[in-house]
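*Asks:* How does the following fold in three dimensions:
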Amino acid sequence: MWIIFQMIWIAIFKFDFQGESDKYIREANLFITNNGFTQQRFIFYATTILIIVFSTLSKIGLYGAIAIIMVINLACYLYFFKALKTVFVKPVYAYLVILFLLTFWPYQRWSITLYSEALFYSFVMLLFSILILYRSLSAKYLLTLFTILGLLILTRPMGVLFVIPVLAFIYFHLLGKQKIYFLLSLILAAFLLNYVVQIVFTTTSDWSMTAALQSDIIVADKEDMPVNKNIILSNSSNQLYQLFYYITNNFFHFIGLAAKRLQAFFFLFRSYYSVAHNIFLIGPVILIYVLIFIRFNRISKALGKPLLFFMISSILFFAMAVALQFDDYHNRFFLVLMPIFTVMATVGLFYKNIRLAK
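*Replies:* Numbering: from 1, shown residues only. Below you'll find the model as predicted:
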């Protein structure tokens with residue numbers, strides 16, 4: 001199935017070395033020349049850049065880099081399928097989840113690009129699989145879990161949004177005083193979030209927290225960035241404090257703009273897409289929402305509290321990030337969550353064929 005659909009998408013879209021790929025290709029070449037990253041922010045795109053570095057030094061070129069990314073994508077699908085077979089009584093339902101993700105080309109086409117989403121989507125699938133396959137909080141399991149979480153953060157800065165959901169998943173599996181001690185990890189998570197935000201928003205030449213908060217932009221790169229001069233901002237160098245100050249001093253502006261961004265995030269409609277394209281995007285998503293809504297009680301029983309909390313909190317964290325900044329012109333922030341949404345809807349639809357969580 002994977003080979004068939006990869007061939008279809010390659011035939012239709014070709015391999016993509018343009019757009020944002022240029023940024024990673026250029027940084028990979030500079031990495032080879034300078035023996036390091038040119039800016040700290042590229043640490044949070046390191047996996048894609050280092051694969052291009054490896055492919056360049058080994059003389060297999062950009063096609064070799066995409067081949068490596070595609071193999072990683074296949075491996076993550078295989079592991080995801082293994083995890084899904086522990087959820088569903090019959091493998092056919094696991095196949096349906098895989099089939100949907102492979103045929104939904106707005107999600108799968110990124111695997112044939114050198115965009116950081118190519119690896120990010122694969123690693124999210126891998127992280128989700130590891131959580132589904134939970135058996136005990138052994139040292140090996142935790143090491144594997146935090147290694148994948150680290151890879152996510154080193155693939156895209158938004159990987160940090162999975163830190164709290166993963167910690168919450170672990171928290172629900174702890175007992176008694178273990179939970180109290182584990183809450184200290186939230187302090188470390190807060191420091192990590194602050195560090196990533198500081199690096200990304202202070203070293204990106206064409207974007208900053210101030211620009212983000214002053215702009216009334218809803219979807220990035222497909223519309224002008226209207227600057228609202230009435231916004232009250234702080235002069236603090238701390239990016240998270242700027243964010244807090246903006247919300248508390250411009251609350252009604254924030255709520256109105258956030259509502260528009262969340263509408264774009266959850267419903268995927270884009271004015272620059274054709275009617276047919278918008279229907280193709282919105283149709284499956286609406287069906288997913290309906291299934292989750294009407295079968296939520298069954299879904300919660302089947303998946304169990306730890307996994308369900310991870311899934312819902314991941315959705316909320318990404319939605320919150322979009323509400324505070326902007327949505328992506330290709331719905332890429334939403335597409336990160338496609339495996340989560342798809343599994344929830346499939347569990348709801350085929351509830352009688354689920355192995356209930358213990």
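*Asks:* Okay, buried residues for stretch 45-54 please.
*Replies:* Using 16 or more other C-beta atoms under 10 Å as the test for burial, stretch 45-54 gives Tyr45, Ala46, Thr47, Thr48, Ile49, Leu50, Ile51, Ile52, Val53. All C-beta spots, glycine's among them, are computed from the backbone N, C-alpha and C.
*Asks:* give me every residue that touches the first one.
*Replies:* For Tyr45, the contact set (C-beta atoms under 8 Å, 6 or more residues apart in numbering) comprises Tyr24, Glu27, Ser116, Leu154, Thr155, Arg156.
*Asks:* Please report how far it lies from Ile312.
*Replies:* The gap separating Tyr45 from Ile312 is 28 Å, by C-beta to C-beta, to the nearest Å.
*Asks:* pLDDT weak spots in the stretch 151-300 of the chain?
*Replies:* 203-208, 222-226 (pLDDT under 70).
*Asks:* mind redoing it with 80?
*Replies:* By pLDDT under 80, the low-scoring segments of the stretch 151-300 of the chain are 176-178, 180-186, 197-198, 200-214, 221-229.
*Asks:* follow-up on the earlier one: mind checking which of the contacts of Tyr45 are in helices?
*Replies:* Residues of the contacts of Tyr45 located in helices (DSSP state H): Tyr24, Glu27.
*Asks:* Phe334: which of the contacts of Tyr45 is nearest?
*Replies:* Nearest to Phe334 out of the contacts of Tyr45 is Arg156 (C-beta to C-beta; 14.2 Å).
*Asks:* Tell me how many other residues surround the closest one.
*Replies:* Around Arg156 there are 23 other residues, counting by other C-beta atoms under 10 Å.
*Asks:* So it sits against Tyr115, correct?
*Replies:* No: the pair Arg156 / Tyr115 is not scored as a contact, 9.7 Å apart, by C-beta atoms under 8 Å.
*Asks:* got the buried residues for the host helix or strand of Leu316?
*Replies:* According to DSSP states H and E, Leu316 maps onto helix 305-324. With burial defined by 16+ other C-beta under 10 Å, the residues of helix 305-324 counted as buried are 306-311, 313-315, 317-319, 321-324.
*Asks:* shouldn't Ala264 be in contact with Val219?
*Replies:* Yes: judged on C-beta under 8 Å, Ala264 makes contact with Val219 at a distance of 5.7 Å.
*Asks:* tell me, what's touching these two both at once?
*Replies:* Counting by C-beta under 8 Å, 6+ apart, the residues touching both Ala264 and Val219 are Arg270, Asp327.
*Asks:* so is Asp221 in a helix, a strand, or just coil?
*Replies:* coil (DSSP: H, G, I helix; E, B strand; the rest coil).
*Asks:* these two touch, right, it and Arg332?
*Replies:* No: look at Asp221 against Arg332 with C-beta under 8 Å: they stay out of range, at 10.9 Å.
*Asks:* neighbour count winner among these two?
*Replies:* Taking other C-beta under 10 Å, Asp221 and Arg332 do not tie; Arg332 has more neighbours (21 against 12).
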